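Visitor: Provided below for reference: sequence and predicted model.
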Amino acid sequence: MAERVTTGISGLDKMLFGGIPAQSQVLLTGGPGAGKSLLSFEYLYRNAKAGNTCIFFAFEEDPKDLVENAKSAFPELTDIDEMIKSGRLIIDREAPTGELISAVGTEDDVFRFGEILAKIENLIRSTGATRVVVDSVSILGILVKDTSTYRKYMLALITNLKRLGVTSIMTMEMENPDRDKLTFRPEHFIFDGIVALYQSGGSTKRRLSAEILKIRGTKHSFTTAPYDVTSSGFRILAAEDIAPY
Ligand SMILES: Nc1ncnc2c1ncn2[C@@H]1O[C@H](COP(=O)(O)OP(=O)(O)OP(=O)(O)O)[C@@H](O)[C@H]1O
Ligand SMILES: [Mg+2]
């Protein structure tokens with residue numbers, strides 16, 4: 001069996017039958033506010049605590065806001081700053097959103113995309129990071145005008161990350177966060193795994209649930225699991241907790 005990289009989120013690890021197979025490139029998809037950034041942040045925080053070098057490439061939020069949001073969502077995780085200071089949890093600040101957006105639709109856009117991929121690769125090499133988050137790859141999609149160029153670059157990104165041997169989570173907006181309305185685009189098929197965060201039903205309360213849609217090369221849970229964001233991290237109630245396989 002392939003070596004596993006624990007996410008540090010116990011319910012998710014159970015759904016993954018131990019963790020993400022090492023060197024897999026996993027897509028985390030969900031609607032706005034589903035918790036994609038926080039969950040991927042927690043993955044890196046837990047791995048940094050375990051002694052791994054981790055990089056969060058923040059393309060959507062200002063890195064400072066990202067860290068503040070994580071600290072406010074997870075007040076019990078009191079050593080986030082310590083992890084950052086230790087150099088094991090790196091929040092990349094090289095690609096401010098404004099700079100990215102200004103290249104959209106210009107002659108430069110494909111060039112900018114290539115430049116971003118090179119920066120990602122260089123930082124991973126120079127730090128020796130083994131765990132990576134790209135939040136989000138949706139924003140990279142608006143950088144280039146045509147979808148086929150986006151797909152080509154996404155494939156290049158995933159191939160490069162795999163070659164570098166890192167285990168990654170990449171986030172992507174889900175067009176419709178309802179499970180029954182799930183649709184797939186060609187770029188979904190290039191990932192080794194897909195984890196979906198749904199928001200559904202309830203006129204007074206949204207129901208949040210997580211599902212593993214695929215993980216190449218391993219068995220995994222086929223059951224959707226309710227989750228919430230607690231002061232000490234994500235709590236995902238895996239069916240495996242209730243009825244182990
Ligand atoms: N103190 C808190 N600070 C921020 N978010 C919190 C807090 N407590 C709970 N949350 C939950 O976390 C959600 C935001 O999570 P996150 O930013 O990871 O979502 P996202 O899926 O990345 O959203 P987006 O698509 O906008 O990037 C909020 O909608 C809220 O439900
Ligand atoms: Mg986000």
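Guide: Structure received. Numbers count the residues shown, from 1 in each chain. Ligands and ions are numbered 1, 2, ... in the order given.

Visitor: make it CA atoms for all contacts and neighbour counts henceforth
Guide: Noted.

Visitor: Buried residues of stretch 53-73, list them for me.
Guide: Across stretch 53-73, burial judged by 16 or more other CA atoms under 10 Å covers 53-60, 62-63, 66-67, 70-71, 73.

Visitor: Specify the beta-bridge partners of Leu89.
Guide: Cys54 (DSSP bridges).

Visitor: Just to check, it is in contact with Gly51?
Guide: No. Counting by CA atoms under 8 Å, Leu89 does not reach Gly51; the two are 9.7 Å apart.

Visitor: and those two? which has more neighbours close in?
Guide: Set Leu89 next to Gly51 and count neighbours by other CA atoms under 10 Å: Leu89 wins out with 28 against 12.

Visitor: And the pLDDT for that one?
Guide: Note on Leu89: pLDDT of 98.

Visitor: who are the neighbours in contact with it?
Guide: 44-45, 48, 53-56, 83 (CA atoms under 8 Å, 6 or more residues apart in numbering).

Visitor: run the last query once more with 7 Å
Guide: Taking CA atoms under 7 Å, 6 or more residues apart in numbering, we find Leu89 in contact with 44-45, 48, 53-55, 83.

Visitor: Quick check: of these, which lies closest to Met174?
Guide: Distance to Met174 across the contacts of Leu89 (CA to CA) is lowest for Leu44, with 22.1 Å.

Visitor: give me the element that closest one is part of.
Guide: Element membership for Leu44, per DSSP states H and E: helix 36-49.

Visitor: Run through who's touching that helix.
Guide: When contacts are defined by CA under 7 Å, 6+ apart, helix 36-49 is touched by residues 7-8, 28, 30, 54, 70, 83, 88-89, 131, 133, 135, 169, 171, 233-234.

Visitor: Where helices are concerned, which of the residues you listed count?
Guide: In helices, judged by DSSP state H, the following of the contacts of helix 36-49 are found: 70, 83.

Visitor: So which of the contacts of helix 36-49 would count as near ligand 1 as well?
Guide: Counting by CA under 6 Å from any ligand atom, nothing from the contacts of helix 36-49 sits close to ligand 1.

Visitor: for the contacts of helix 36-49, which one is nearest Met15?
Guide: Nearest member of the contacts of helix 36-49 to Met15, counting by CA to CA, is Thr7, at 10.8 Å.

Visitor: The contacts of Leu89: which two are farthest apart?
Guide: Ile55 and Met83 (11.5 Å).

Visitor: one step back: can you list residues touching both of Leu89 and Gly51?
Guide: Joint contacts of Leu89 and Gly51 (CA under 7 Å, 6+ apart) do not exist.

Visitor: which residues sit in contact with Arg151?
Guide: Glu187.
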